[in-house]
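Trainee: what follows is a protein structure lacking sequence information:
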């Protein structure tokens with residue numbers, strides 16, 4: 001009788017252990033599933049719309065225009081102010097780089113002339129004056145090269161921003177030839193009229 005009760009008690013304990021283990025295992029599986037579902041929901045909610053770009057024919061044309069003439073794509077999509085700002089920034093930095101390059105080349109030529117003059121000087125004082133002038137021109141030339149590099153990289157940066165902006169940040173405001181903003185003194189936009197393709201300006205006179 002004691003053996004039977006002992007066996008029955010052990011079987012009851014074993015059954016409870018198995019039941020608790022299965023319950024905990026199911027809870028773990030349920031918890032893992034819930035966490036996976038939660039992560040999946042978060043991932044679905046956080047899918048960025050920033051990269052969801054609809055390349056309509058106008059959007060594609062704006063990209064081509066901005067690739068060729070920075071800012072013109074934004075203007076074509078209807079954001080004249082942004083397009084004007086990008087165009088001015090690009091051509092301003094590019095022109096500054098060209099001017100700095102031309103100045104550096106001019107100083108190179110002057111240094112060559114001064115070097116020849118230095119070699120022909122017959123006394124120390126005259127040669128020293130020319131030498132000091134050469135050193136000054138070399139310093140100015142190096143500064144011009146530095147400015148050329150800075151403005152060149154700035155122009156490249158503006159061009160890259162222009163491409164990113166026209167793809168992701170500038171929406172299509174419609175096919176109006178000009179903006180209806182009467183507060184602006186003038187507007188400009190890309191226009192197609194018969195055989196004419198180009199930038200058109202509009203003055204808002206009182």
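Mentor: Yep, that arrived. Just so you know, these numbers come straight off a predicted model, no measurement behind them.
Trainee: so residue 154 versus residue 61, what's the distance?
Mentor: Residue 154 sits 27 Å away from residue 61, going by Cβ to Cβ, to the nearest Å. To be clear about C-beta, it is placed using only N, CA and C from the backbone, and glycine gets the same treatment.
Trainee: residue 119 belongs to a helix?
Mentor: Yes: assessed by DSSP: H, G, I helix; E, B strand; the rest coil, residue 119 belongs to a helix.
Trainee: tell me which stretches of this structure form helices.
Mentor: Per DSSP state H, the chain carries helices over the ranges 2-45, 57-68, 72-77, 80-120, 124-164.
Trainee: lowest-confidence stretch among those helices?
Mentor: Ranked by mean pLDDT, those end with helix 2-45 at the bottom, a mean of 50.
Trainee: domains in this protein, by residue range?
Mentor: 1-47, 57-203 (automatic domain parsing).
Trainee: please name the residues that touch the closest residue to residue 161 other than its chain neighbours.
Mentor: Nearest residue to residue 161 in three dimensions, chain neighbours excluded: residue 86, at 7.5 Å (Cβ to Cβ, 6 or more residues apart in numbering). By Cβ atoms under 8 Å, 6 or more residues apart in numbering, the residues touching residue 86 are 70, 71, 74, 158, 161, 162, 165.
Trainee: buried subset of those residues as a PyMOL selection?
Mentor: Buried residues within the contacts of residue 86, by 16 or more other Cβ atoms under 10 Å, are selected in PyMOL with:
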select buried, resi 70+71+74+158+162+165
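Trainee: which residues are in contact with stretch 56-70?
Mentor: Stretch 56-70 is touched from outside by 53, 55, 72-74, 76-77, 86-87, 90-91, 158-159, 162-163, 165-167, 170, 172, 175, 190, with contacts defined as Cβ under 8 Å, 6+ apart.
Trainee: which of these are buried?
Mentor: Among the contacts of stretch 56-70, those buried by neighbour count (16+ other Cβ under 10 Å) are 72-74, 76-77, 86-87, 90, 158-159, 162, 165-167, 170, 190.
Trainee: burial of the nearest residue to residue 134 once chain neighbours are set aside, as a residue count?
Mentor: Spatial nearest neighbour of residue 134, chain neighbours left out: residue 114 (4.8 Å); criterion: Cβ to Cβ, 6+ apart. Neighbourhood size, residue 114 [other Cβ atoms under 10 Å]: 19.
Trainee: no further queries at this time; thank you.
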